[in-house]
Structures are given as C-alpha cells and as structure tokens.
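Participant: With the input below, show me the fold.
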Amino acid sequence: MKILGINALNHDAAITLIEDGKILFAAHAERYSGIKNDSNLNKEMFQDMEQYGTPDYVVYFERPWIKKLRQLKAGQYSEVFSLKNLPQHHLDEVMGGKYSIDEYVDHHLSHASSTYFTSPYKESAVVCIDAIGEFDTISIWYAKGNKLEKRWSQTYPHSLGLWYSAMTQRLGLKPQEDEFILMGMAAWGTQDDDLQSIMYNDFFGYHKELDLRMNLHKGCMDYEPSIYPDDGSEQWKFDIAANVQTICEWQIQKVFKKAKELVPETDNMCYSGGVALNCVANSIVVKDQYPNMWILPNPGDAGSSLGCAAYVGEQHIDFDSAFLGYNIKGKYPVKPVLKELLKGNLVGVANGRAEYGPRALGNRSLLADPRGEDIKAQMNTIKNRQEFRPFAPSVLEEHAHEIFDMPTKKSQFMQYVAPCKFPDKYPAICHVDNTSRVQTVSKKDNPGYYKLIKEFYKETGCPMVLNTSLNIKGQPIVNDEKDVKDFTEKYGVKVF
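Facilitator: Numbering: from 1, shown residues only. Just a heads-up that it's a prediction; the model follows:
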C-alpha cells in the first residue's frame with residue numbers, strides 16, 4: 001500500500017510517499033514555489049510525486065480540531081474561526097478534490113514516528129522538542145517493535161522551542177527560520193554567569209520536574225536584562241545569543257536526563273522536533289548522555305510528513321539516503337567540478353535527487369576549497385550572508401577523526417559540531433570558536449560526491465571540501481534545471 005504523508009499550514013510544507021518500508025518520494029513545497037519555508041502545498045510537488053505512484057491512503061501530521069482548541073485558549077480567534085486553515089480545505093484548493101485525508105496523527109506522535117521508524121533501532125527512547133504541536137511542546141516516548149508509548153510530555157504555553165524562536169526574533173532575526181543564525185552568533189558572544197542567572201530567572205521557574213515552565217509575564221520582544229541593557233550594538237546581540245544558547249543547552253540536557261529515568265529499558269535514543277536542528281546542543285547530548293543517538297536529517301515539521309505515514313505503515317523505513325526529491329538526471333559531475341575547485345573557484349553541484357531536509361549534502365551544494373583565506377568572504381558576497389556565519393566541511397568519513405575531535409563516529413547529515421584540530425590550515429570551514437558543523441561522507445552515503453572529494457584529496461592532500469547550500473539568503477535551495485540556469489545567470493557561478 002502506498003501511503004502519502006502531508007505536512008502543511010504551519011511552516012515548511014512537505015509531502016512523503018512510502019510503500020512497504022521504502023520512501024518513494026519526499027520533498028519540500030518551498031523548492032517548487034520559490035517561497036522560503038512555504039507553508040502551503042502546491043500542485044507541482046504533487047505532480048512530481050505522482051511519477052512514483054498514486055497514494056492509496058493519505059495521512060496528515062496533526063489533528064486540526066485539537067489545534068484549534070489550543071488556539072482558542074491562546075486567544076487566536078482569527079485562526080479558530082477560519083476554515084481556510086483546515087487541511088482538507090487547503091488540499092482541495094490545491095488539488096481540486098483529487099485526494100482526501102484518511103487519517104490524522106498527533107503532531108508529536110508524527111515527530112516520534114519520523115525518527116524512530118527511520119532509525120537503526122528496534123527498541124529506543126524517543127525525545128521530541130519543538131515549538132508546539134497541538135498542545136505538546138516536549139515529549140518522551142518508549143518505542144519497541146512497531147509501537148510507541150508516550151511516558152511524559154510538557155504542554156503549551158511552556159515551550160523551550162517557542163522561547164528560542166522568540167529570542168531569535170528579539171535579535172532582529174526571523175523566527176521559525178533563523179534560529180540557526182542565533183546558534184552561530186552565540187560563538188561570538190561572551191558567557192556571563194550573572195547574565196545567565198538573570199535570564200534564567202526571568203524566563204524559567206524552579207519547578208520540581210524540569211525547570212522548563214515559562215514565565216509568561218516576561219516578554220521576549222522587548223527583552224533587556226536588568227544588568228545588560230540593549231545598547232544597539234552587534235556585540236549586545238552576540239552576548240544575548242551566547243547566553244540564550246547556553247540556557248537552551250542546559251534545558252535540553254535536563255530533558256534527556258529525564259528520558260534516562262523514564263525509559264530505563266534501552267540506551268538507544270531517537271530525537272526529533274525542530275530543536276533537534278541545534279547541532280551544538282546535539283553534540284553535547286551524543287557525547288555525554290546518549291552515544292547511540294539517531295536524528296533524521298529532516299527532524300522539523302517537514303519530516304513529520306514522513307512520520308505520520310510511517311506511523312500508519314507500522315514498519316521500519318529503510319532510510320539509507322536523504323536524496324528523495326526532484327531528480328536532475330545525469331552522471332555526477334566529478335571532473336568539471338574538480339577542475340573548478342583546483343582553480344580555486346566556487347562551484348555549484350545540482351545533480352541527482354534533491355535533499356530531504358534543510359541542509360545540502362552534495363546534490364544541491366555550493367563548494368569550495370576549505371583552505372582558502374578569502375573563501376569565506378567570496379561565499380558571503382555570493383550568498384548575501386552575515387560575515388559571522390560559519391560554513392560546513394564535507395570530509396571523507398575515514399579522515400574525519402584525523403581533522404576533527406568528533407563527538408560521534410560519523411555525521412552524514414551535518415547534525416553535530418566538532419572542534420577542528422588544525423584551524424589555521426582550514427580557515428574557510430572553522431567558526432570563530434574553531435568548531436565546524438561536520439558532514440562525513442562515505443561511498444555508501446553518496447558515491448558521486450565521495451568520488452569528487454576523493455579525487456580532490458588525491459590532487460591536494462586535503463580530504464574535504466567546503467559545502468554550503470546552493471541558494472541565496474532568504475531563498476530556497478535550488479531544485480530543478482530552471483533554478484540552476486537562473487542561479488548561474490544571476491551570480492556568475494558555474495553549476496554542474
């Protein structure tokens with residue numbers, strides 16, 4: 001049976017088609033519409049999906065009427081009384097009544113299913129941390145076989161994810177989109193025990209269970225700590241970001257500590273929800289608490305399109321690749337890309353099926369030599385990015401531990417950061433704190449990309465390349481041949 005999972009009307013709409021434990025197709029709406037984090041579905045994405053088959057059963061990633069109950073509690077009356085935000089209504093508008101939703105799955109259950117059913121584990125603890133589902137904002141599960149049992153949850157309005165997003169907005173960034181920029185800014189700030197204490201007391205109360213209950217009387221939008229008022233400088237933003245990130249890490253570690261207490265049956269961990277994209281915090285957890293940790297490369301709401309379908313399918317998914325979207329056919333362009341890299345040029349790759357998840361992993365990537373002193377500046381100019389933001393390395397898996405102090409054996413989906421042992425040698429991929437968000441690459445992960453890096457290594461002695469997404473700030477990652485042409489014409493960068 002072909003099962004279609006849908007996520008929409010929140011942020012980053014996506015669909016996933018599965019059959020008998022295999023993912024046939026999975027993609028983000030934004031790649032087709034050109035609207036970053038598009039919350040709406042579109043016909044073009046469904047047409048692409050239909051090349052792989054027509055669904056027999058359609059599943060949605062949350063329960064809309066329970067969500068409306070929460071919106072009523074929050075006083076969001078325009079949302080409560082609007083029928084346009086009902087999933088079936090939206091699906092009918094897009095597809096003209098072609099598909100009907102057969103089943104609705106709880107938001108956090110979709111998150112939990114997305115990570116557990118794609119994991120290598122047949123028994124595991126599961127943690128979900130996000131901004132908000134219908135009511136849940138954090139949940140802890142025990143999973144075994146094809147069953148998931150919720151053992152604890154925290155509910156709205158107390159949300160670590162909402163707080164982090166609100167502080168993202170306070171720093172002049174876009175919430176539910178730029179949280180990773182706050183995480184990058186944090187390394188430029190100064191850790192301050194007194195400031196952390198003030199901020200913690202302002203936003204979190206000391207409660208028996210987890211100290212995760214939000215103080216709703218303290219607003220984030222105009223927040224100024226009493227001992228550190230906003231002076232309008234970039235450094236003020238960096239310092240606030242640094243201490244917000246530290247507090248977030250404390251709270252995440254508390255959740256995983258509670259998971260150990262509530263799920264003593266196993267040492268395996270599956271992690272999901274938008275907060276699971278915080279790779280700095282992930283690195284602490286995998287190193288200090290759960291060495292056996294699986295994170296889907298698409299742990300946010302878009303990945304719940306896979307999760308709700310997997311839950312209904314009740315069987316593990318053979319997840320051996322994140323390359324599940326639109327297919328640009330042709331042999332991986334090793335020779336022309338290598339030629340440009342050896343010249344010291346920036347070069348794009350748009351080949352094969354697009355990545356499912358927010359990070360480019362070699363099929364929709366902008367690449368460069370990580371040793372270049374001026375590479376960061378060139379990349380920032382092309383991508384219109386702030387100069388304080390880091391770039392990631394893609395390193396041959398067998399050489400990763402030679403260059404980085406890895407918190408885990410591999411990081412094929414860029415989910416962890418690691419200190420670089422030779423920051424002076426590789427300035428383009430080292431953050432200000434000399435860490436990198438590492439992608440390890442094996443022949444199994446991506447044969448063409450692996451061969452490219454291997455050939456680059458043979459020519460230069462450097463077993464990695466700089467890898468960033470093939471897009472411009474505020475725009476989705478390049479998807480199809482037209483996007484490639486537009487990118488090349490606008491920015492003068494060769495894309496193969």
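Participant: now the helices for the stretch 301-450 of the chain?
Facilitator: Assigned by DSSP state H, counting those that start in this stretch, the helices in the stretch 301-450 of the chain fall at 304-313, 334-342, 375-383, 400-403, 447-460.
Participant: which residues sit in contact with the nearest residue to residue 228 once chain neighbours are set aside?
Facilitator: Spatial nearest neighbour of residue 228, excluding adjacent residues (Cβ to Cβ, 6 or more residues apart in numbering): residue 195 at 5.5 Å. (C-beta placed from N, C-alpha, C; glycine too.) Each residue near residue 195 by Cβ atoms under 8 Å, 6 or more residues apart in numbering is listed here: 225, 227-228, 239, 243.
Participant: Pull up the gap between residue 195 and residue 421, please.
Facilitator: Taking Cβ to Cβ, to the nearest Å as the measure, residue 195 falls 31 Å from residue 421.
Participant: a markdown table please, covering the contacts of residue 195 and showing pLDDT, secondary structure and distance to residue 6.
Facilitator: As requested, those are exported to a markdown table (pLDDT from 0 to 100; DSSP: H, G, I helix; E, B strand; the rest coil; distance: Cβ to Cβ, whole Å):
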| residue | pLDDT | secondary structure | distance to residue 6 |
| --- | --- | --- | --- |
| 225 | 91 | coil | 42 |
| 227 | 92 | coil | 47 |
| 228 | 94 | coil | 44 |
| 239 | 97 | helix | 41 |
| 243 | 97 | helix | 38 |
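Participant: Residue 60 and residue 103 touch, don't they?
Facilitator: Yes. If you go by Cβ atoms under 8 Å, residue 60 and residue 103 touch, sitting 7.4 Å apart.
Participant: which neighbours do those two share?
Facilitator: Common neighbours of residue 60 and residue 103 (Cβ under 8 Å, 6+ apart) are residue 308.
Participant: before we move on, the earlier item: looking at the helices of the stretch 301-450 of the chain, which is closest to residue 323?
Facilitator: Of all the helices of the stretch 301-450 of the chain, helix 447-460 sits nearest to residue 323, with 9.9 Å by Cβ to Cβ.
Participant: What is that closest one packed up against?
Facilitator: Secondary-structure packing of helix 447-460 (3 or more Cβ pairs under 8 Å, 6 or more residues apart in numbering; DSSP states H and E): helix 334-342, strand 392-396, strand 435-441, strand 464-469.
Participant: Ok, which of those comes nearest residue 415?
Facilitator: The closest of the helices and strands packed on helix 447-460 to residue 415 is strand 435-441. By Cβ to Cβ, the value is 8.3 Å.
Participant: Let me know the secondary structure of the residue nearest to residue 228.
Facilitator: helix (DSSP: H, G, I helix; E, B strand; the rest coil).
Participant: Can you tell me how far the residue lying closest to residue 469 once chain neighbours are set aside is from residue 31?
Facilitator: Among residues not flanking residue 469 along the chain, residue 360 sits closest, at 3.8 Å (Cβ to Cβ, 6+ apart). According to Cβ to Cβ, residue 360 stands 12 Å off from residue 31.
Participant: Give the residues shared as contacts by these two.
Facilitator: Residues within reach of residue 360 and of residue 31 at once, by Cβ under 8 Å, 6+ apart, are residue 477.
Participant: Pull the contacting residues for the nearest residue to residue 481 once chain neighbours are set aside.
Facilitator: Using Cβ to Cβ, 6+ apart and skipping residues adjacent in sequence, the residue nearest residue 481 is residue 328, 6.2 Å away. Applying Cβ under 8 Å, 6+ apart, we find residue 328 in contact with 350-354, 480-481, 484.
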